[in-house]
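In: No letters, just coordinates:
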């Protein structure tokens, strides 16, 4: 294989109750990337569209990942890559993760697939470190494995792929404001009440049970975040209004995607999804803040080869 | 139905990572109780064996539950009950829960089964309040539902029954020392580090995933408690030694049953279970502390009618 074009999905980290542990992949939002084998060694970015990102191969998350993998695999060839960003960086939808995970996936294909998904996740985490100075796994693992993932452990890294009920859909609204990941981290308390932690892990347990048993009511009841959302929602204008509009329109739950500002809602079936989309759109229409909206299935298979 | 004899199982609350959220029922340890319909209204305890408990119907957890249910159902009959305690109260194996849950189950049968398992759990929680001054659900729900249960929420009460892998076995050792539930509560911090809470809920997620997917390695990796065990183990002599002996002998994991002092280990298959039993027995043999040991399957169906 000398050429590859892929789709690398946007991802929603945390998914309400699962701060730093849960992620899910989005089916219809993401980046496209191409990879071309070259006789000369090393990595080069030949084109970036859709966003302004650096071409410096050590500072761009995607090329940094490819470079590391080519070295690790002692490849006797190089890779030229192009990136088309399909959505805005800084949205909280795992933009750098889509690049990093896509890069790991693409390079692995051209190398003859020597690496497991777990190893690809580790390479992609290196990309996250280049982009965000933090080795976070939830977004990249969701992009690579697809569906819902649980990061059971970081040391050693253990990723659990969870099942996705068939009718699960999502709606996302990205208000065009900046929430710096650093601010989103700093707003969190270092210590939390044990009783709140119990509530949270019971919800993590409930959400995962609901995913395995196709129990939408249980999923809905469990999509609650008593730890992170109360602090981070202050960074997102009209969060409560959006969430309440989504729930009223029938969403299973709504919360902050990653560190925000994107707000996501999970829904059962296409009809309710459309109602929730409309309700959220209506709730933001006159706020004098630009926004993008998305609706999608949950991506089940992760990064896809387009051709 | 005018007469009923039941077996009400011992239970293990918390199950390492799931403090105040998870419980499981034990198959081969528990109480036997009989229930006889009487023309005169009200409840009476006619015999208690195996432990010294009060015959005062308002202070005995079992009779208090039966009394409440007879009133709630406006029954035109009464119930005489006997209790044979099959294991020691104060062990951390849900002794009062076995009585309370058994009472709720038995009374429901004689009443013609008007109540759901969730309602029985609520009645049994009243028994827990009588016995322990605390409306705790994890033990009683495990006894009533059987298998593993998740208390997803208390307000409103929501119990999720989780699957039990076929080869799952347990070993328990009850050192004959007293750990007061109050002390076991007081030793816990009110606040915990967010990063520890993340570790814990990822483990709750991993354990539940492992139960659904029959993944013993994942179950094993997830049977960790970074929140409660570090504090409570100080109340249990030689806890670390027992745990380490169990793990070395092949246990999936080991931890404190409820508020202790019983230490449990989960194992895969009968052969390893026997090895773990022997290893734990050996580790406690010369400690000058009396102890009881148990080995059992995980009870899957909860309280059973014997005749």
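Out: Done, it's in. Since the model is a prediction, treat every value here as computed from it, not as a measurement.
In: list the buried ones in the lengthiest strand in chain A?
Out: Determined from DSSP state E, the single longest strand within chain A is strand A:22-38. Buried residues in strand A:22-38, counting neighbours by 16 or more other Cβ atoms under 10 Å in any protein chain shown, are found at A:22-27, A:29-36. To be clear about C-beta, it is placed using only N, CA and C from the backbone, and glycine gets the same treatment.
In: who in the stretch 201-307 of chain A is up against chain B?
Out: By the rule Cβ under 8 Å from any Cβ of the partner chain, the part of the stretch 201-307 of chain A lying against chain B is A:201-206, A:208-209, A:212-213, A:218, A:221-222, A:227.
In: swap that for the stretch 1-150 of chain A, please
Out: Residues of the stretch 1-150 of chain A lying near chain B by Cβ under 8 Å from any Cβ: A:17, A:18, A:19, A:20, A:21, A:22, A:150.
In: roughly how far apart are the nearest residue to residue A:136 once chain neighbours are set aside and residue B:4?
Out: Counting by Cβ to Cβ, 6 or more residues apart in numbering or on different chains, residue A:128 is the residue found nearest to residue A:136 once chain neighbours are left out, at 5.2 Å. Using Cβ to Cβ, to the nearest Å, residue A:128 is found at 60 Å from residue B:4.
In: coming back round to it: so who does the residue nearest to residue A:136 touch?
Out: Residues near residue A:128 by Cβ atoms under 8 Å, 6 or more residues apart in numbering or on different chains: A:61, A:96, A:97, A:100, A:134, A:135, A:136, A:137, A:139, A:140.
In: that older thread, okay, and which of the residues of the stretch 201-307 of chain A next to chain B map to strands?
Out: Among these, no member falls in strands (DSSP E).
In: Present the residues you listed as JSON lines; the columns should include neighbour count.
Out: Formatted as JSON lines, these follow (neighbours: other Cβ atoms under 10 Å in any protein chain shown):
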{"residue": "A:201", "neighbour count": "29"}
{"residue": "A:202", "neighbour count": "27"}
{"residue": "A:203", "neighbour count": "27"}
{"residue": "A:204", "neighbour count": "29"}
{"residue": "A:205", "neighbour count": "28"}
{"residue": "A:206", "neighbour count": "28"}
{"residue": "A:208", "neighbour count": "32"}
{"residue": "A:209", "neighbour count": "24"}
{"residue": "A:212", "neighbour count": "19"}
{"residue": "A:213", "neighbour count": "17"}
{"residue": "A:218", "neighbour count": "23"}
{"residue": "A:221", "neighbour count": "20"}
{"residue": "A:222", "neighbour count": "29"}
{"residue": "A:227", "neighbour count": "25"}
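In: Toward the C-terminus, what is the element adjacent to the lowest-mean-pLDDT helix or strand in chain A?
Out: Across the helices and strands of chain A, mean confidence by mean pLDDT, DSSP states H and E is lowest for helix A:181-186: a mean of 84. Later in the chain than helix A:181-186, the nearest helix or strand by DSSP states H and E is strand A:191-193.
In: returning to what we had before: chain B: which of the buried residues of strand A:22-38 is nearest?
Out: Nearest to chain B among the buried residues of strand A:22-38: residue A:22, at 7.3 Å, using Cβ to the nearest Cβ.
In: was I right about the closest one contacting residue A:205?
Out: No - between residue A:22 and residue A:205 there is no contact under Cβ atoms under 8 Å: 11.7 Å.
In: how deep is residue A:306 tucked in, by neighbour count?
Out: Residue crowding around residue A:306 was assessed by other Cβ atoms under 10 Å in any protein chain shown; the count is 10.
In: Might you report the residue contacts of the nearest residue to residue A:212 once chain neighbours are set aside?
Out: Once flanking residues are discounted, residue A:212 sits nearest to residue B:212: 4.1 Å by Cβ to Cβ, 6+ apart. Residues near residue B:212 by Cβ under 8 Å, 6+ apart: A:208, A:209, A:212, A:213, B:162, B:163.
In: same deal with residue A:239?
Out: Contacts of residue A:239 by Cβ under 8 Å, 6+ apart are A:233, A:256, A:263.
In: Now name the helix or strand holding residue A:68.
Out: Following DSSP H and E, one finds residue A:68 within helix A:61-72.
In: Quick check: mean pLDDT of whichever helix or strand comes after that helix?
Out: Downstream of helix A:61-72, the first helix or strand assigned by DSSP H and E is strand A:78-84. Taken as a whole, strand A:78-84 carries a mean pLDDT of 98.
In: check contacts around residue A:278.
Out: Residues near residue A:278 by Cβ under 8 Å, 6+ apart: residue A:249.
In: does it sit in a helix, a strand or a coil?
Out: helix (DSSP: H, G, I helix; E, B strand; the rest coil).
In: Please report the distance of it from residue B:147.
Out: Distance, residue A:278 to residue B:147, by Cβ to Cβ: 42 Å.
In: May I see the buried residues of the helix holding residue A:68?
Out: By neighbour count on 16+ other Cβ under 10 Å, the buried set for helix A:61-72 is A:61, A:62, A:63, A:64, A:65, A:66, A:67, A:68, A:69, A:70.
In: Show me what it is packed against.
Out: strand A:42-49, strand A:78-84, helix A:95-110, helix A:117-132 (3 or more Cβ pairs under 8 Å, 6 or more residues apart in numbering or on different chains; DSSP states H and E).
In: Deepest-packed of those, please.
Out: helix A:95-110 (a mean of 29; mean count of other Cβ atoms under 10 Å in any protein chain shown).
In: could you give the angle of it to strand A:22-38?
Out: Relative orientation of helix A:95-110 versus strand A:22-38 (axes from the mean of the first three to the mean of the last three Cα atoms, to 10 degrees): 50 degrees.
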